[in-house]
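Undergrad: Got a predicted structure here, sequence first:
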Amino acid sequence: MPTSNELSLEVTSEPVNPIANTEDSDVGDSTHSKISNTSSQALEPSTCRRSKRKANVAISAARNTDDQDDAGLDVEALLNEPAWGESDEDYEPTKKRQKQGAQKEIEKKASLIVTLKVSPTTAPAAKKSSTTRRISPSIADYLVAVPKSRATRKPKGEAEEVEDERPMPWGHPQTRAELADSLPYFNCYQGAAATVQGKVKGMLLDDDRFERAYMDEEIVIARAGGGSEIDEATNKSIPRKNLDIDPSRISAFRNHMQKGIPIQLIVGSKNKQCPSLVPFRYCVMGTFYITSIWTEKSTGHIIYKFRMQKRDLERKSWWSAEDSPSVRKSNKAEKVTAYEKRCEACKEISKQVYMSGWMCLNAQCTSFWKLRGVTPTEEELAFSERFLAERIEKLDVEPPFPTVPKLVKYDVQANQDVTSAYKKHCWKGIACPNCGRCNQRIYWACWKCPALGCGFIHAPPLPHVPPTALMGDLEHPYDGHALSDDTWHEKLVAYRMTTHGLYKIHDYKLGHDGIKITHIHANGPINASVGGADETFRKLQEVDIGLQRLPLKNAAVSGLVTAHFSKNFGLPYNYVVQHPELSTSFKDAPEYITNAIRRLTWAGKRAVNQNEDMIINECLAVGYFEDGQMGYHDDGEDSLGPHVVTWSLGCPAIMKIRMKYKYYSGFGKNKQYHPEFPVLPGCWMPEERHKLNNLAKLLSPEKLSEQARKVLNFMKIPRNCPSLLDLKLRHGDFMSMHGAMMQKYYEHEVKPLGELRFSLTGRYVIPEKVPEDQRSMGDLDLDPSKAYDGDLQVYEDWKKEQISIRDQAALRRPTGTSSSPSASQTSQHTI
């Protein structure tokens, strides 16, 4: 017998007759396999899959006989014995497939000697499939039990094709953002698990280079993410700290395991354990049960591990190895359970996960992670075959989310809510029913699948939403001058209120000279006027002007796009210059956009100076669905002038203005203090910063930064700087910002408070900053006679209407009046 330290597995290329002795042997990978010792006993040919399992049985037996006589170990008998639940019938499809052309394959094989140490690793992984996968015409093809036949790629010279019964994968988004936008069970842009409020929705298995990860066509073993790093020497993932005992996300997994709630798994192309090549960047695997959760150690640190089992064992897995059987009959054979034992120290029961022996897997136990009293080495940790072969029955609990999401439909008539078409889920992505690809909603009016050659478009009609359905906290629009809900820092912001007709104007000045923000409040009569907010809001809904979501610059996650839709008219500027198709010249713009320019010009003049020229040669239209927003940013691009003016249409929105972090704190990148940053009113610890700035000439930049971090309590400086001014913009309101320093020192964000909002923002783009062939796009000849005056005529008409109402009320008398005192008293009592 071989020693307890080493067994040798030899694979030779000696020619054999693949047809001969078919009753007693399997023709495997067209090779012979044998266990050799001093006498090198020859064994029968076998499939790669079967030989792997049998070799593991032999190795497992050898490992478990440390204290026994080696002479009692019958290796050949062990290898000839079927693995748990396996028989020759299980591999009939494999045998039939591999007999074809086996002799030619044998002649091509080179001799290969593989040495298997008794304790080190699991058996060799099954061969990964390199089959070219077709694009199916419908998602139904991905989900049928026996899909359309697919030929396996065969070496040149083999005429007969072998049917591949594996279903096609689906999902296949090209970016992480497409994945998170399209699947309701994995709206997670970073991290591996989508958990929320003690629930697990989905899990991604991608670039996990951990030593002890595992995947076959039915079982997945993975670890909890976080707290790890890549070892440069081995290029493998190692933990850098202990994970907290039973953190909230582990509790979420345990909750699903105890209640039998399945989760959705997704695999990425960087996964090294997948038995078959992942044909796209990401592919959906389907629903799995969480069957075991335990702790173990890696490089001295505690980690959590999960064992997950495929829910539907009756269907072939698309990721199964190319040489796997067509139907796993072993699932119907005698039930296999993993060996488990109660720890004498902590009294907790743990399963035997690794072939080398049982260990307590309770991280709080004194005997934790001890194999016969000693911490195991990495070479000893091969998964137990019984642990891998264990299966649970399919439970009655259905997954919370279907694997294939349904297409979004607007059920406006049933809901009697015209705003339902603009809810948050309506601007998320979909799974294309033609090709299966997950894709984002890039276009305002529809979803378009970007897959090459697909062309699927989903464009349910958007219902018209009247402004009265988006009033927010108001039951009726204001008829007179509007009440303001703006808030501001009274010590840092100067305030002044004026009126113009029915408009109410609030001017705010920040501490720095020349910085001014103006909020012009509209009301119901103004909005209802010809060319007013109501009419413009309706036309923006009726006509598709080409609103799109644009890629985010310098995004941490690939494929991220804005949470709002935009379209540019007039001169392009840096925000859209990389997407020239999103800019349309003023000459080709709709009439209501030209009309909006007139109103924006008037609002800009009111905010700055009535006599000063206000030129707008660019207008950016932005559309928001529910929860769409524009995060903190500035409009300080070098191609823009100092004026920005916006017309708000639809639901209310909150616009917050705050100081940029570097000017608020005095620190730039890498915690470096900058004495050249101005000390603005409202910044962090202004007196201490003045004192530090006086030391700038005496200390080196490094010493000054070190001193500043101590004096200014760097760790306590809030990353989210406090807001100085909050404007509540309602339907028809204007907002303007004036001053170049405004965009340099401050930033702003906009968050709508309802389901549907548009904004039209006018700016002046410096023509010299635009390519010469595009400068004419901003040309617009406005007829002075049609200039907007703030609806002064509406104000005059409104005043006449109010006088008429008052006069009619004064003239109104109750019926049956007389001059007698008794009648008069009766009339007053009636009133």
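TA: Cool, the structure landed. Numbering: from 1, shown residues only.

Undergrad: Would you mark the buried spots in the longest helix along the chain?
TA: Using DSSP state H to define each element, the chain has its longest helix at helix 792-811. Within helix 792-811, the residues that count as buried by 16 or more other CB atoms under 10 Å are 794-795, 798. All C-beta atoms are positioned from the backbone trio N, CA, C, and that covers glycine.

Undergrad: For it, give the mean pLDDT please.
TA: Taken as a whole, helix 792-811 has a mean pLDDT of 89.

Undergrad: So which residues make contact with that helix?
TA: With CB atoms under 8 Å, 6 or more residues apart in numbering as the test, helix 792-811 has contacts from 501-502, 525-526, 529.

Undergrad: Most neighbours among these, please name it.
TA: residue 502 (25 neighbours; other CB atoms under 10 Å).

Undergrad: Hmm, residue 480 and that one touching each other?
TA: Yes: using CB atoms under 8 Å, residue 502 makes contact with residue 480 at a distance of 7.4 Å.

Undergrad: who touches both of those two?
TA: Common neighbours of residue 502 and residue 480 (CB under 8 Å, 6+ apart) are residue 523.

Undergrad: about what we covered before: cross the contacts of helix 792-811 against strands and list the overlap.
TA: Counting by DSSP state E, the contacts of helix 792-811 place none of their members in strands.

Undergrad: is it possible to export those residues to TSV including pLDDT?
TA: Below are the contacts of helix 792-811 laid out as TSV (pLDDT from 0 to 100):
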residue	pLDDT
501	95
502	96
525	96
526	96
529	95
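
Undergrad: ok, so of these, who is nearest residue 717?
TA: Of all the contacts of helix 792-811, residue 526 has the smallest distance to residue 717: 43.7 Å, by CB to CB.

Undergrad: Test my guess that that closest one contacts residue 502.
TA: Yes: at 5.3 Å, residue 526 counts as touching residue 502 under the criterion of CB under 8 Å.

Undergrad: So for those two, which residues contact both of them?
TA: Between them, residue 526 and residue 502 share the contacting residues 791, 794, judged by CB under 8 Å, 6+ apart.

Undergrad: tell me which helix or strand of this structure sits lowest on mean pLDDT?
TA: The least trusted helix or strand in the chain, going by mean pLDDT, DSSP states H and E, turns out to be strand 112-117, with a mean of 30.

Undergrad: picking up where we left off before, mind putting the contacts of helix 792-811 into CSV with distance to residue 409?
TA: Shown next, in CSV, are those (distance: CB to CB, whole Å):
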residue, distance to residue 409
501, 45
502, 42
525, 38
526, 37
529, 37
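
Undergrad: Looking at those, which are in helices?
TA: 525-526.

Undergrad: what's the closest of the contacts of helix 792-811 to residue 560?
TA: Using CB to CB, the shortest approach to residue 560 within the contacts of helix 792-811 belongs to residue 526, at 38.4 Å.

Undergrad: Please tell me how far that closest one sits from residue 647.
TA: Here the criterion is CB to CB, to the nearest Å. By it, residue 526 lies 12 Å from residue 647.

Undergrad: who touches both of the two?
TA: Common neighbours of residue 526 and residue 647 (CB under 8 Å, 6+ apart) are 533, 732.

Undergrad: I am assuming residue 692 contacts residue 710, so please confirm or correct that.
TA: No: between residue 692 and residue 710 there is no contact under CB under 8 Å: 10.3 Å.

Undergrad: Who has more neighbours out of those two?
TA: residue 692 (21 against 8).
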